[in-house]
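Peer 1: quick one: sequence plus predicted model below, questions after.
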Amino acid sequence: MEIERQFLVEHLPKLPAGYEQLRQGYISLEPEIRIRQIGAEKFFLTVKRGSGLVRQEWETEITVQEFINLRQRLEPGTLMIEKRRYTIPLSDGLAAELHVHERHLIGLNYVEVEFASAEAAKTFRPPAWFGREITEDARFSYGTLAKRDGLEILRSAMAIT
(Lines give C-alpha, C1' and ligand atoms only; values in the text may rest on other atoms or scores of the structure.)
Protein backbone atom coordinates (compact mmCIF):
# COMPACT_ATOMS: atom_id res chain seq x y z
CA MET A 1 0.00 0.00 0.00
CA GLU A 2 1.24 3.49 -0.86
CA ILE A 3 -0.16 6.54 0.94
CA GLU A 4 1.09 9.84 -0.41
CA ARG A 5 0.13 13.42 -1.18
CA GLN A 6 1.46 15.20 -4.26
CA PHE A 7 1.93 18.85 -5.16
CA LEU A 8 3.15 20.95 -8.08
CA VAL A 9 6.05 23.25 -7.19
CA GLU A 10 6.28 26.59 -8.96
CA HIS A 11 9.22 28.02 -7.00
CA LEU A 12 11.98 25.67 -5.95
CA PRO A 13 13.27 25.83 -2.38
CA LYS A 14 16.99 25.76 -1.64
CA LEU A 15 18.06 22.38 -2.97
CA PRO A 16 20.34 20.00 -1.09
CA ALA A 17 23.66 19.18 -2.75
CA GLY A 18 22.84 15.49 -3.23
CA TYR A 19 20.15 13.91 -5.38
CA GLU A 20 19.29 10.68 -7.17
CA GLN A 21 19.11 10.53 -10.95
CA LEU A 22 16.03 8.57 -12.08
CA ARG A 23 14.71 7.25 -15.37
CA GLN A 24 11.31 5.62 -15.54
CA GLY A 25 9.05 4.31 -18.26
CA TYR A 26 5.65 2.70 -18.52
CA ILE A 27 5.07 -0.77 -19.92
CA SER A 28 1.31 -0.38 -19.31
CA LEU A 29 -0.84 2.53 -18.19
CA GLU A 30 -3.77 0.43 -16.93
CA PRO A 31 -2.81 -1.22 -14.70
CA GLU A 32 0.21 1.01 -14.22
CA ILE A 33 3.33 -1.08 -14.78
CA ARG A 34 6.51 0.94 -14.50
CA ILE A 35 10.23 0.32 -14.81
CA ARG A 36 12.66 2.58 -12.99
CA GLN A 37 16.41 3.07 -12.94
CA ILE A 38 17.95 4.83 -9.93
CA GLY A 39 21.53 5.89 -10.51
CA ALA A 40 23.65 3.48 -12.50
CA GLU A 41 23.01 0.24 -10.63
CA LYS A 42 19.44 -0.06 -9.26
CA PHE A 43 16.53 -1.22 -11.40
CA PHE A 44 12.91 -1.85 -10.38
CA LEU A 45 9.62 -3.09 -11.77
CA THR A 46 6.54 -1.61 -10.09
CA VAL A 47 2.82 -2.31 -10.44
CA LYS A 48 0.33 0.24 -9.09
CA ARG A 49 -3.46 0.15 -8.96
CA GLY A 50 -5.88 2.89 -8.08
CA SER A 51 -5.45 6.63 -7.86
CA GLY A 52 -5.47 9.36 -5.28
CA LEU A 53 -4.25 9.29 -1.70
CA VAL A 54 -4.14 5.50 -1.17
CA ARG A 55 -2.97 3.13 -3.89
CA GLN A 56 -1.94 -0.49 -4.09
CA GLU A 57 1.72 -0.91 -4.97
CA TRP A 58 3.98 -3.90 -5.60
CA GLU A 59 7.67 -3.48 -6.42
CA THR A 60 10.61 -5.78 -7.06
CA GLU A 61 14.22 -5.25 -8.04
CA ILE A 62 15.18 -6.44 -11.53
CA THR A 63 18.47 -6.87 -13.40
CA VAL A 64 19.93 -4.34 -15.80
CA GLN A 65 19.24 -6.77 -18.67
CA GLU A 66 15.57 -7.09 -17.66
CA PHE A 67 15.37 -3.29 -17.51
CA ILE A 68 16.89 -2.97 -21.01
CA ASN A 69 14.49 -5.58 -22.40
CA LEU A 70 11.44 -3.92 -20.81
CA ARG A 71 12.58 -0.44 -21.90
CA GLN A 72 12.18 -1.62 -25.49
CA ARG A 73 8.52 -2.43 -24.75
CA LEU A 74 7.24 0.91 -23.46
CA GLU A 75 3.57 1.77 -23.87
CA PRO A 76 3.18 3.16 -27.41
CA GLY A 77 3.34 6.95 -27.51
CA THR A 78 5.26 7.26 -24.23
CA LEU A 79 8.81 8.31 -23.44
CA MET A 80 11.19 7.61 -20.60
CA ILE A 81 10.82 10.22 -17.87
CA GLU A 82 14.12 11.61 -16.64
CA LYS A 83 14.39 13.53 -13.38
CA ARG A 84 16.46 14.32 -10.33
CA ARG A 85 14.96 13.38 -6.95
CA TYR A 86 15.94 15.47 -3.94
CA THR A 87 15.02 14.34 -0.42
CA ILE A 88 14.21 17.27 1.86
CA PRO A 89 13.57 16.64 5.58
CA LEU A 90 10.28 17.98 6.98
CA SER A 91 8.91 18.22 10.50
CA ASP A 92 7.60 15.13 12.33
CA GLY A 93 10.24 12.91 10.73
CA LEU A 94 8.63 13.16 7.29
CA ALA A 95 10.55 13.73 4.07
CA ALA A 96 9.58 15.53 0.88
CA GLU A 97 10.71 13.93 -2.36
CA LEU A 98 11.14 16.74 -4.86
CA HIS A 99 11.27 15.70 -8.52
CA VAL A 100 12.91 18.13 -10.93
CA HIS A 101 12.26 16.90 -14.47
CA GLU A 102 14.43 16.93 -17.56
CA ARG A 103 13.97 16.29 -21.29
CA HIS A 104 10.33 16.37 -22.47
CA LEU A 105 9.09 17.44 -19.00
CA ILE A 106 11.68 20.14 -18.31
CA GLY A 107 10.14 22.87 -16.19
CA LEU A 108 7.89 20.48 -14.25
CA ASN A 109 8.69 20.32 -10.54
CA TYR A 110 6.69 17.96 -8.38
CA VAL A 111 6.87 17.01 -4.70
CA GLU A 112 5.38 14.09 -2.81
CA VAL A 113 5.29 12.99 0.81
CA GLU A 114 4.61 9.40 1.90
CA PHE A 115 2.73 8.61 5.10
CA ALA A 116 2.22 5.63 7.41
CA SER A 117 -1.57 6.12 7.45
CA ALA A 118 -4.35 7.96 5.62
CA GLU A 119 -5.11 9.82 8.85
CA ALA A 120 -1.55 11.16 9.05
CA ALA A 121 -1.74 12.21 5.40
CA LYS A 122 -5.02 14.07 5.93
CA THR A 123 -3.70 16.05 8.91
CA PHE A 124 -0.41 17.01 7.20
CA ARG A 125 0.04 20.74 6.65
CA PRO A 126 2.33 21.28 3.65
CA PRO A 127 4.96 24.01 3.57
CA ALA A 128 4.03 27.02 1.44
CA TRP A 129 6.61 26.14 -1.26
CA PHE A 130 4.71 22.94 -2.10
CA GLY A 131 2.16 24.84 -4.20
CA ARG A 132 -1.00 23.36 -5.69
CA GLU A 133 -2.10 19.92 -4.46
CA ILE A 134 -2.76 17.35 -7.19
CA THR A 135 -3.16 14.17 -5.12
CA GLU A 136 -6.72 13.46 -6.26
CA ASP A 137 -6.38 14.86 -9.80
CA ALA A 138 -5.82 11.93 -12.19
CA ARG A 139 -4.87 14.33 -15.01
CA PHE A 140 -1.48 14.72 -13.33
CA SER A 141 -0.56 11.03 -13.25
CA TYR A 142 2.89 10.02 -14.42
CA GLY A 143 1.22 7.76 -16.96
CA THR A 144 -0.19 10.87 -18.61
CA LEU A 145 3.05 12.79 -18.26
CA ALA A 146 5.03 9.97 -19.86
CA LYS A 147 3.20 10.61 -23.13
CA ARG A 148 5.19 12.43 -25.78
CA ASP A 149 2.98 15.50 -25.30
CA GLY A 150 2.78 15.10 -21.51
CA LEU A 151 3.84 18.65 -20.71
CA GLU A 152 1.28 20.08 -23.14
CA ILE A 153 -1.44 17.91 -21.54
CA LEU A 154 -0.37 19.22 -18.13
CA ARG A 155 -0.44 22.85 -19.27
CA SER A 156 -3.87 22.36 -20.81
CA ALA A 157 -5.20 20.76 -17.61
CA MET A 158 -3.86 23.65 -15.56
CA ALA A 159 -5.50 26.21 -17.86
CA ILE A 160 -8.99 24.73 -17.33
CA THR A 161 -8.82 24.43 -13.56
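Peer 2: Structure received.
Peer 1: which residues touch the closest residue to R71 other than its chain neighbours?
Peer 2: Spatial nearest neighbour of R71, chain neighbours left out: G25 (5.9 Å); criterion: C-beta to C-beta, 6 or more residues apart in numbering. Glycine gets a C-beta too; all of them are placed from N, C-alpha and C. G25 makes contact with R34, I35, L70, R71, L74, T78, L79, M80, I81, A146 under the criterion C-beta atoms under 8 Å, 6 or more residues apart in numbering.
Peer 1: restricted to buried residues, select the residues you listed in ChimeraX.
Peer 2: Buried subset of the contacts of G25, written as a ChimeraX selection, criterion 16 or more other C-beta atoms under 10 Å:
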select :34,35,70,74,78,79,80,81,146
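Peer 1: Serialize the contacts of G25 to CSV and add fields for secondary structure and pLDDT.
Peer 2: Formatted as CSV, these follow (DSSP: H, G, I helix; E, B strand; the rest coil; pLDDT from 0 to 100):
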residue, secondary structure, pLDDT
R34, strand, 96
I35, strand, 98
L70, helix, 98
R71, helix, 97
L74, coil, 96
T78, strand, 93
L79, coil, 93
M80, coil, 95
I81, strand, 95
A146, coil, 88
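Peer 1: which one of the contacts of G25 is nearest M1?
Peer 2: R34 (16.6 Å; C-beta to C-beta).
Peer 1: okay, and the beta partners of the residue nearest to that closest one when sequence neighbours are not counted?
Peer 2: Closest residue to R34 apart from its sequence neighbours, by C-beta to C-beta, 6+ apart: T46 at 4.7 Å. T46 has these beta-bridge partners by DSSP bridges: R34, E59.
Peer 1: wait, isn't T46 in contact with Q56?
Peer 2: No. Here T46 does not reach Q56: they are 10.9 Å apart, not a contact under C-beta atoms under 8 Å.
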